[in-house]
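**Student:** Mind folding the following:
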Amino acid sequence: MVLTTCSIVIGRCLAIGGAMFLAAHSVVKAQDRLRTYVNPIDLPYRFQAPSMPFKTPRVPFREAADPTVVFFKGEYWLFASHSLGYWHSRTLDNWQFVKPSGYAVEKFAPTAVAMDGKLYLAVSEGVRQIWVSDDPGSGKWTVAADIPAGYQDPCLFLDTDGRLYMYDGLAPSGPLHVAELDRKTLLPLRKADIPQSRDKQHRGWEVPGDSNERVKYLSFVEGAWMTKYANRYYLEYSAPGTEFKTYANGLLTADNPMGPFTYQPYSPFAFKPTGFIAGAGHGSTFQGPRGDWWHVGTMTISVRHNFERRLGLFPTRFTASGELVTDTYLGDYPHYYGGSRGLTGWMLLSRGKAATASSFVDGFAPDRAADEDVRTWWSAKTGDPGEWFQLDLGARKTIQALQVNLADQDAVTVGEGDGGFRYEIEASTNGRTWRAIVPATATGRDAPHAYHVLARPTQARFVRIRNLHSPNGAKFSLYDLRVFGTAPIPLPSVVGGGSAQRDPTDPRHARLEWKAVKGADFYVVRLGTRVDLMTQNYQVYDKTALDVRSLDAGVPYVFTVDAVNERGIAKGRFVAEIR
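**Tutor:** Numbering: from 1, shown residues only. Model prediction:
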């Protein structure tokens, strides 16, 4: 697709309470328009083998998870579980793949650290080696050290004083661990447990389940990552399990890399339990090209296999008082890479819209590709050219971008895919006369979550995607065809108030309620431990109540409710207490 320069008017974003919200209008530069992204990250996620551990997959599935991003020799290096290799980029987009040799590539949770002009790498699953490369772009690695015992979900951390540490742990019981390593032998010099890394009885977000509802289940604590900021140590850890929508990151802090650590009660600092694709757990926090902080984390599908996962990128910051917070507000809507890194103001136009298709497999009807849920999908009966899927947006609207989430129905492959889907996306104002808005030349790469920003906004009521080629023996199928832009309607009314009732038998749980307002398609509940720290959020559809089970016992909270529609966001103007 040929992209031309243009200027558009969109909503300006303000940072309030840790989230980004649509406000007054301003002109956005052309380069900002094209420098946008949407989660999950647009990568060629690899197909996993039927021998994948822990659970036999019913069918092939794609995965990447447990990401580490490190800066080395002018580039960002992205390592992820079971991905046949890793990626690099100078700008956090246009990731280039490297297929390496010399280390245990197909293991979980690779970690890397830059030290002495080289990149050192370790992996999970108790592997008893650590590797090194001074040229990761070549893909060549050699053994740096043999170690007597391996690690689970390791994190290598080089302190500013030159001392090297390893954090690790992955289990349904017991704490995380830390060890100082000898820089030459990479063997432990001293070790310590981190008992503050687990407390399901008091921390609701550590309880398993898509809504933290499985109180009797064991909670997996894992995914350590260490960041040093302003001479303070911030240790991330993940719970309650990678297959749950509530997979999130809590935070411990200390004045020493070995502890003792203090739990931060505003945890989880990275939390995305709702939306098209949920989850923000096990990942890493790093500084981007302009010095801005980012968090890259694990997002869940977990239908074909527990480990069917994707990667998400989220703006992150340190507050003036030192809290580390991640912005997951509408975290799978288009965001800017630069500037405020906030929402573009392009709202979702496709949820719940009338969907038709050339054909469909029983149980995979067209409406499943318009339900804003990555765990359901539409599938045509074949992968033949000419299969199509169509949305009626209900009225003429302004389209800015599209995300094509391809579901690989009945694919038969392992490892790298045999190329990508080729398709054409067309738009129409009347359903009879069509014009291409994403031409076939812009498709064909292996991109199961392809993101297409249009060269210029277009007006349309109908959107249609036509298959030209399906790879890997797959049927033409879509998790969702997500259409972003705006509708010529008023903003929703403002939610004027709400109430909360905390469960006296389980203070990790509270029920929040509010009244419906005119023009709202759905609501976003924001909550936190302070008015300026409402960093947790839930998208709520088709109701005006929410059962929150992610609270910490003994901690007071506040919340508000935003109303959202296809024009934009009306921020809640009240703050209610949860006590």
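
**Student:** so where's the stretch 1-150 of the chain shaky on pLDDT?
**Tutor:** 1-31, 50-58 (pLDDT under 70).

**Student:** Domain map for the chain?
**Tutor:** For the chain, automatic domain parsing gives the domain ranges 66-336, 347-486, 498-578.

**Student:** With mean neighbour count and distance to residue 59 added, can I get the ones you listed in a markdown table?
**Tutor:** Placement of C-beta: from N, CA and C, glycine included. Below are the domains of the chain laid out as a markdown table (neighbours: other Cβ atoms under 10 Å; distance: least, Cβ to Cβ, whole Å):
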| stretch | mean neighbour count | distance to residue 59 |
| --- | --- | --- |
| domain 66-336 | 20 | 5 |
| domain 347-486 | 19 | 7 |
| domain 498-578 | 19 | 29 |
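
**Student:** so which of the ones you listed gets nearest residue 42?
**Tutor:** Using Cβ to Cβ as the measure, domain 347-486 is the one of the domains of the chain that comes nearest residue 42, at 5.0 Å.

**Student:** for this protein, longest strand please?
**Tutor:** strand 449-469 (DSSP state E).

**Student:** continuing past that strand, what's the next helix or strand?
**Tutor:** Per DSSP states H and E, the first helix or strand lying C-terminal to strand 449-469 is strand 477-486.

**Student:** Quick one: work out the angle between that following strand and strand 449-469.
**Tutor:** 120 degrees (axes from the mean of the first three to the mean of the last three Cα atoms, to 10 degrees).

**Student:** Does the very next helix or strand once past strand 477-486 pack against any helices or strands, and if so which?
**Tutor:** Counting by DSSP H and E, the element after strand 477-486 in chain order, helix or strand, is strand 498-502. Judged by 3 or more Cβ pairs under 8 Å, 6 or more residues apart in numbering; DSSP states H and E, strand 498-502 is in contact with strand 510-514, strand 557-564, strand 576-578.

**Student:** Quick one: closest of those to residue 296.
**Tutor:** Short answer: strand 557-564, nearest of those by Cβ to Cβ, at 25.5 Å.

**Student:** For whatever helix or strand comes next after that closest one, the averaged confidence score.
**Tutor:** Using DSSP H and E, the helix or strand that directly follows strand 557-564 along the chain is strand 569-570. Mean pLDDT, strand 569-570: 98.

**Student:** Run me through the strand neighbours of strand 569-570, direction for each.
**Tutor:** strand 557-564 (antiparallel) (DSSP bridges).

**Student:** want to try JSON lines for the domains of the chain, with distance to residue 33 as columns?
**Tutor:** JSON lines is the format used below for the domains of the chain (distance: least, Cβ to Cβ, whole Å):
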{"stretch": "domain 66-336", "distance to residue 33": "9"}
{"stretch": "domain 347-486", "distance to residue 33": "7"}
{"stretch": "domain 498-578", "distance to residue 33": "17"}
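
**Student:** shaky segments in this structure?
**Tutor:** The low-confidence ranges in the chain, as defined by pLDDT under 70, are 1-31, 50-58.

**Student:** Just want the most central residue of this protein.
**Tutor:** For the chain, the residue nearest the mean C-alpha position is residue 312 (2.5 Å; Cα atoms, centre = their mean).

**Student:** Only alpha carbons, please: show the host helix or strand of that residue as PDB.
**Tutor:** Element membership for residue 312 (DSSP H and E) is strand 309-318. Provided in PDB are the C-alpha atoms of strand 309-318 (Å, rounded to 0.1, in the frame of the first residue of the first chain):
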ATOM      1  CA  ARG A 309      -0.300 -16.500  23.500                       C
ATOM      2  CA  ARG A 310       0.700 -13.200  21.900                       C
ATOM      3  CA  LEU A 311       2.700 -10.100  22.800                       C
ATOM      4  CA  GLY A 312       1.400  -6.700  23.800                       C
ATOM      5  CA  LEU A 313       3.200  -3.300  24.100                       C
ATOM      6  CA  PHE A 314       2.100  -0.700  26.600                       C
ATOM      7  CA  PRO A 315       3.300   2.800  27.500                       C
ATOM      8  CA  THR A 316       4.800   2.900  31.000                       C
ATOM      9  CA  ARG A 317       6.000   5.600  33.300                       C
ATOM     10  CA  PHE A 318       7.300   6.400  36.800                       C
END
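
**Student:** and the angle for that strand with strand 449-469?
**Tutor:** Using the same axes, to 10 degrees: strand 309-318 against strand 449-469 is 150 degrees.

**Student:** what are the pairing partners of the next helix or strand after strand 309-318, and which direction each?
**Tutor:** Note on strand 309-318: by DSSP H and E, the next helix or strand toward the C-terminus is strand 324-326. Here strand 324-326 has these sheet partners by DSSP bridges: strand 309-318 (antiparallel).

**Student:** for the strand it pairs with, the distance to its chain's centre please.
**Tutor:** 6 Å (Cα atoms, centre = their mean, to the nearest Å).

**Student:** and what of stretch 276-287?
**Tutor:** For stretch 276-287, the distance to the chain centre is 5 Å (Cα atoms, centre = their mean).

**Student:** Next, residue 369: secondary structure please.
**Tutor:** At residue 369 the chain is in helix, as set by DSSP: H, G, I helix; E, B strand; the rest coil.

**Student:** With residue 331 as the reference, measure out to it.
**Tutor:** For residue 369, the distance to residue 331 (Cβ to Cβ, to the nearest Å) stands at 21 Å.

**Student:** Over to residue 69?
**Tutor:** 17 Å.

**Student:** The helix or strand where residue 404 lies vs strand 449-469, what angle?
**Tutor:** Under the criterion of DSSP H and E, residue 404 resides in strand 388-406. Strand 388-406 and strand 449-469 are oriented at 140 degrees to each other (the same axes, to 10 degrees).

**Student:** Tell me the strands beside strand 388-406, with direction?
**Tutor:** strand 354-357 (antiparallel), strand 449-469 (antiparallel), strand 477-486 (antiparallel).

**Student:** Would you mind telling me which of those strands is nearest residue 387?
**Tutor:** strand 449-469 (4.4 Å).

**Student:** Using JSON lines, please lay out the strands paired with strand 388-406 together with distance to residue 410.
**Tutor:** Converted to JSON lines, the strands paired with strand 388-406 look like this (distance: least, Cβ to Cβ, whole Å):
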{"stretch": "strand 354-357", "distance to residue 410": "16"}
{"stretch": "strand 449-469", "distance to residue 410": "14"}
{"stretch": "strand 477-486", "distance to residue 410": "8"}
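
**Student:** To residue 520, which of those lies closest?
**Tutor:** strand 477-486 (15.7 Å).

**Student:** Roughly how far does residue 116 sit from residue 140?
**Tutor:** 17 Å.

**Student:** Could you pull up the residues touching the residue nearest to residue 450 when sequence neighbours are not counted?
**Tutor:** Nearest residue to residue 450, sequence neighbours excluded (Cβ to Cβ, 6 or more residues apart in numbering): residue 404, at 4.6 Å. Neighbour list for residue 404: 421, 423, 425, 447, 449, 450, 451, 452, 465, 478, 481 [criterion: Cβ atoms under 8 Å, 6 or more residues apart in numbering].

**Student:** go again using 10 Å as the cut-off
**Tutor:** With contact taken as Cβ atoms under 10 Å, 6 or more residues apart in numbering, residue 404 is in contact with 42, 389, 421, 423, 425, 438, 443, 447-452, 465, 478-482.

**Student:** Same check on residue 98?
**Tutor:** With Cβ under 10 Å, 6+ apart, residue 98 has these contacts: 77, 78, 84, 85, 86, 87, 88, 136, 137, 138, 139, 140.

**Student:** Show me the beta-bridge partners of the residue nearest to the centre of the chain.
**Tutor:** Bridge pairing for residue 312 - DSSP bridges - gives residue 297.

**Student:** right, and it touches residue 327 too?
**Tutor:** No. Using Cβ atoms under 10 Å, residue 312 makes no contact with residue 327, being 11.6 Å away.

**Student:** between the two, what contacts are shared?
**Tutor:** By Cβ under 10 Å, 6+ apart, the residues touching both residue 312 and residue 327 are 270, 295.
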